[in-house]
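K.L.:
let me see the structure of the following:
(one chain, ligands or ions: 1)
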Amino acid sequence: MVVAEGLQAGGLGRAMRIAEFQRLIEAIYYEKDKGRGSAGTFRWFVEEVGELAGALREEDRDRAAEEFADVFAWLSTLASIHGVELEEAVGKYASGCPKCGSAPCRCEG
Ligand SMILES: [Zn+2]
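P.N.:
Model (predicted):
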């Protein structure tokens, strides 16, 4: 699954897969985040979600893009700490909504 077309992945100027992104974040932060532990890392993740909320509230698209990246990076490192491979995990959406199996979703609500 492709994260973003045209992303400067490692300076290569090509799309980055979710698994590549997770490996990249592991290379940068895994030791530090593993040492901090799940609870502390989760608090950082939530703090970044709060910063994203602020950027969205202010309708600051550039800042929101940065906060989306930070939230995704913290989500990725949390997955790594817990031994979850994100690219595999998101496969549950590959055939549409996991509940009704449709795209777009046809569930109530
Ligand atoms: Zn559905």
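K.L.:
so what does the strand or helix carrying Asp33 touch, helix or strand wise?
P.N.:
Here Asp33 is covered by helix 18-36, with elements defined by DSSP states H and E. Of the remaining helices and strands, those touching helix 18-36 by 3 or more CB pairs under 8 Å, 6 or more residues apart in numbering; DSSP states H and E are strand 2-4, helix 61-81, helix 86-89. (Glycine included, C-beta is placed from N, CA and C.)
K.L.:
which parts of it count as buried, going by neighbours?
P.N.:
Neighbour-count burial for helix 18-36, counted by 16 or more other CB atoms under 10 Å, picks out Ile18, Glu20, Phe21, Gln22, Ile25, Glu26, Tyr29, Tyr30, Asp33, Arg36.
K.L.:
what angle separates the helix or strand just after it from helix 18-36?
P.N.:
For helix 18-36, the following helix or strand on the C-terminal side (DSSP H and E) is helix 38-57. Counting by axes from the mean of the first three to the mean of the last three CA atoms, to 10 degrees, helix 38-57 lies at 120 degrees to helix 18-36.
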